[in-house]
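Undergrad: I'd like to go over a predicted model; first the sequence, then the structure.
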Amino acid sequence: MRREHPHPGAQLSLFDTVEGLRHQVMATDTPPGQGSIQFLEARHRGHARVEDRIRTGKDTGFGRFPSRHFAINAAWLQIALTGVDLLAWTQMLLLDGNLATAEPKKLRYRLLHVAARITRSARRTRLRIAESWPWATELADAFNRLAALPRPVI
């Protein structure tokens, strides 16, 4: 059992309000001697992150199969998982602030459903975003970060 001071705004149970501390309990079937308390807690918190990615994936088509046929659903799952991976890498490498932790619905609305025009001139391809779009600077910053990434060596 671990006792800790709650963060500001945290809801405490009736039990926790007596001392003003939050109590956390973790049960595991890990054999004794297989890790310190700190390691086990870090592993436990890492699982919560994985479960959050699965929940996020369900918002992007991961949880809805379009067919009764296995092959079609297998292809759908591969495409949906690719989208989940691209979303996670985009948030980690290209976005900052609120967009780095935003839910897929918010990212779709703010970044993916943008009215823009692709133009080509002088051997350059450009994305022209309307200046009135509220998240134009965030999208431009993401493209600049993408361009600054080192090219993979094949």
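TA: In hand now; what should we look at?
Undergrad: where are the low-confidence patches of this protein?
TA: Scanning the chain for pLDDT under 70 picks out the ranges 1, 15-18.
Undergrad: could you pull out the helices for it?
TA: Ranges of helices in the chain, per DSSP state H, are 14-17, 37-58, 70-93, 104-107, 136-148.
Undergrad: Quick one, which of the ones you listed gets closest to residue 8.
TA: Nearest to residue 8 among the helices of the chain is helix 14-17; the distance by C-beta to C-beta comes to 14.6 Å. Using the backbone N, CA and C atoms, a C-beta is placed for each residue, glycine as well.
Undergrad: Quick one: closest of the helices of the chain to residue 27.
TA: Proximity to residue 27 (C-beta to C-beta) singles out helix 37-58 among those, at 9.9 Å.
Undergrad: could you dump the closest one to PDB, C-alpha only?
TA: Output of helix 37-58 as PDB, limited to C-alpha atoms (Å, rounded to 0.1, in the frame of the first residue of the first chain):
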ATOM      1  CA  ILE A  37       8.500  -2.000  -5.600                       C
ATOM      2  CA  GLN A  38       9.600   0.900  -7.800                       C
ATOM      3  CA  PHE A  39      10.000  -1.400 -10.800                       C
ATOM      4  CA  LEU A  40       6.600  -3.100 -10.200                       C
ATOM      5  CA  GLU A  41       4.900   0.300  -9.900                       C
ATOM      6  CA  ALA A  42       6.500   1.700 -13.100                       C
ATOM      7  CA  ARG A  43       5.400  -1.500 -14.900                       C
ATOM      8  CA  HIS A  44       1.900  -1.200 -13.600                       C
ATOM      9  CA  ARG A  45       1.700   2.500 -14.700                       C
ATOM     10  CA  GLY A  46       3.000   1.500 -18.100                       C
ATOM     11  CA  HIS A  47       0.100  -0.900 -18.600                       C
ATOM     12  CA  ALA A  48      -2.300   2.000 -18.000                       C
ATOM     13  CA  ARG A  49      -0.700   3.800 -20.900                       C
ATOM     14  CA  VAL A  50      -1.100   0.700 -23.100                       C
ATOM     15  CA  GLU A  51      -4.700   0.400 -22.100                       C
ATOM     16  CA  ASP A  52      -5.200   4.100 -23.000                       C
ATOM     17  CA  ARG A  53      -3.700   3.500 -26.500                       C
ATOM     18  CA  ILE A  54      -6.200   0.600 -27.000                       C
ATOM     19  CA  ARG A  55      -9.100   2.900 -26.000                       C
ATOM     20  CA  THR A  56      -7.800   5.500 -28.400                       C
ATOM     21  CA  GLY A  57      -7.500   2.900 -31.100                       C
ATOM     22  CA  LYS A  58     -11.200   2.000 -30.700                       C
END
